[in-house]
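Novice: Here's my sequence, what's the structure:
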Amino acid sequence: MASLVLWDIDHTLIDTRGVGRELSAAAFEQTLGQPMREQATIDGITEPVIFRETAKLQGLTTDRSDFERFANALSEGHLRRAAELRERGHALPGAATALDALDAVGVRQTVVSGNVRPVAEIKLSVFGLDRHIRWDIGAYGEDRDMRADLVRLSLLQAGVTAADAVLIGDTPADVEGAHANGVRVIAVASGRSNEAVLRETGAETVLSDLRDTELLVKLIGGEGR
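Specialist: Numbers count the residues shown, from 1 in each chain. Here you go, the predicted model:
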């Protein structure tokens, strides 16, 4: 049994149903004083890269202090609109049961996400998915720009080797970031990337969703691959 699971958040555990983009647009305008007419590609990309590339699409150049102000505005926006996020968004099928089942067999669980940590915490807490998450050993958008570096940081903080970890995510970037560190991947085709794309990227296992809890636990244990 792997001793650590690294969870992605968006489209793996939850779907914000558009609230996340609205909050990003509001924080962008609050930070830079200009509407976000177009947003850079976001699937599997970290928040600082999305912010920087989105600003470029608007003809703007930003620095780290701009991103920090954006991150604060984004976190405050999620906090203010947490009730709306809960109402419009939802936990994905099987997510809560999967988290409970892995905790029951003694697997530590954390988050490796392009979200900044306060936003990650709010997103999971509003859907009751935060109770088994070890936030202190996770890695977040403000920590590194590249997902592979986030995976590496989380392994270091957890004090485990790549062989002891499994990453669960929904994008090719999740697969690539894990494999860059020798971490096994369970990909879930619950986002924009279908099963064929995730297999082509090299995911060891691809699931349509998280509904089959028994199978997921077996896969975390290295069975059924």
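Novice: all helices of the chain, in order?
Specialist: Using DSSP state H, the helices of the chain run over residues 19-32, 47-57, 64-80, 82-88, 95-104, 117-125, 147-158, 172-179, 195-201, 213-220.
Novice: Next, the buried residues of the second one.
Specialist: The one in question is helix 47-57. By 16 or more other C-beta atoms under 10 Å, the buried positions in helix 47-57 come out as 47-52, 54-55. The way it works is simple: take the backbone N, C-alpha and C, and place the C-beta from them, glycine included.
Novice: I'd like those residues as JSON lines, with pLDDT and distance to residue 140 appended.
Specialist: Output for the buried residues of helix 47-57, formatted as JSON lines (pLDDT from 0 to 100; distance: C-beta to C-beta, whole Å):
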{"residue": "47", "pLDDT": "96", "distance to residue 140": "8"}
{"residue": "48", "pLDDT": "96", "distance to residue 140": "10"}
{"residue": "49", "pLDDT": "96", "distance to residue 140": "13"}
{"residue": "50", "pLDDT": "96", "distance to residue 140": "13"}
{"residue": "51", "pLDDT": "97", "distance to residue 140": "14"}
{"residue": "52", "pLDDT": "97", "distance to residue 140": "16"}
{"residue": "54", "pLDDT": "97", "distance to residue 140": "19"}
{"residue": "55", "pLDDT": "97", "distance to residue 140": "20"}
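Novice: Which residues are in contact with the nearest residue to residue 24 once chain neighbours are set aside?
Specialist: Excluding the flanking residues, the one nearest residue 24 by C-beta to C-beta, 6 or more residues apart in numbering is residue 74, at 6.4 Å. Taking C-beta atoms under 8 Å, 6 or more residues apart in numbering, we find residue 74 in contact with 23-24, 27, 47, 116, 119.
Novice: Report the buried members of those.
Specialist: 23-24, 27, 47, 116, 119.
Novice: remind me which residues of the chain are low pLDDT?
Specialist: Counting by pLDDT under 70, the chain shows low-confidence ranges at 224-225.
Novice: Which residue ranges make up the domains of it?
Specialist: 4-16+90-220, 19-86 (automatic domain parsing).
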